[in-house]
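A.B. asks: Model the following, please.
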Amino acid sequence: MSFEVIDFHSHPFLKANEQVGAYRDVIPMSVEEFAEDMEREGVTHFCGSVIGGGVIGFDGLFPLNRDALRLREIYGEKYIPGFHVHPDYVKESCEEIDFAVKNGVRLIGELVPYAHGWSDYSCQGFSEILDYAAEKEMLFSLHPMDLDQMEIMAGKHSNVQFVFAHPGEGERVTKLIEIMEKHENVFLDLSGTGLARYGILRKLTQTVGAERILFGTDYPICNLKMYIAGVLGEKISDNDKERILSKNAKRLLKI
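C.D. replies: Numbers count the residues shown, from 1 in each chain. Sure thing, here's the model as predicted:
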């Protein structure tokens, strides 16, 4: 059985300083090569934000959203851009959400607070942004910070769908499962650390269900091919693999 693959969590780039791969010195990459790598591994769509080089502040952060739209012009419908918001700029963030909706974008993130000068998902500013975003049916992809704070956020905003990134391992996975069992609006993508621990997908599918798990890589930080193999190599059903690799993303992203 062959599977369609949607990478829910990647970080394309328009400018060289936005490329977030760890070994840029030995693996240089162009805008075109990014999409070619995805296509070579059978990825039909890839999602995510342009992170940038640790920019902080309104003038540095929000132009990355324009870069994401420019990349969509280059890549076409295969790229699903994610926008940035920031709790220190509530009014401007809500205006960015309006701009996103106007341009057919309903994904916020991946948000990476530590890279952009903030740290608390349960803060008042972010709560106000979430209240506004709920009216627009925006989907949020979040780099995990303090999981207790994130649980408070998810409970307070049960009308917003959140996709937490990077399952990790050990106690972190246990905590994520506890949160997901209590909050049906929380999903998990497989990017970053965690998938290399054999059995994690069986654990997740047996507890929270395959319909709550999305395939993601964090490419070009992580090896795209290894993550695909990590899903295909787990002892779960083909139906669950299909849900994880593409069907869940299609449902949440409405594609």
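A.B. asks: Give me the neighbour count for Tyr132.
C.D. replies: Neighbour count for Tyr132, taken as other CB atoms under 10 Å: 18. In short, each C-beta sits where N, CA and C put it, glycine included.
A.B. asks: which SS state does it fall under?
C.D. replies: Secondary structure, DSSP: H, G, I helix; E, B strand; the rest coil: Tyr132 is helix.
A.B. asks: which stretch of helix or strand covers the nearest residue in space to it that is not next to it in sequence?
C.D. replies: Excluding the flanking residues, the one nearest Tyr132 by CB to CB, 6 or more residues apart in numbering is Cys94, at 4.7 Å. Using DSSP states H and E, Cys94 sits within helix 90-102.
A.B. asks: quick one: average pLDDT of the helix or strand just after that helix?
C.D. replies: Using DSSP H and E, the helix or strand that directly follows helix 90-102 along the chain is strand 107-111. On average, the pLDDT along strand 107-111 is 98.
A.B. asks: Alpha carbons only: can I get strand 107-111 in PDB?
C.D. replies: Only the C-alpha atoms of strand 107-111 are listed here, as PDB (Å, rounded to 0.1, in the frame of the first residue of the first chain):
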ATOM      1  CA  LEU A 107      -2.600  28.200   9.700                       C
ATOM      2  CA  ILE A 108      -0.800  30.100  12.400                       C
ATOM      3  CA  GLY A 109       2.700  28.800  13.100                       C
ATOM      4  CA  GLU A 110       4.700  26.900  13.900                       C
ATOM      5  CA  LEU A 111       5.100  29.600  16.500                       C
END
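A.B. asks: What pairs with that strand, parallel or antiparallel?
C.D. replies: strand 79-83 (parallel), strand 139-142 (parallel) (DSSP bridges).
A.B. asks: Tell me where the chain has strands.
C.D. replies: Applying DSSP state E to the chain gives strands spanning 5-7, 43-48, 79-83, 107-111, 139-142, 161-164, 186-189, 213-214.
A.B. asks: Could you export the strands paired with strand 107-111 as a markdown table, including mean neighbour count?
C.D. replies: What follows is the strands paired with strand 107-111, written out as a markdown table (neighbours: other CB atoms under 10 Å):
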| stretch | mean neighbour count |
| --- | --- |
| strand 79-83 | 25 |
| strand 139-142 | 24 |
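A.B. asks: Right, I'll leave it there.
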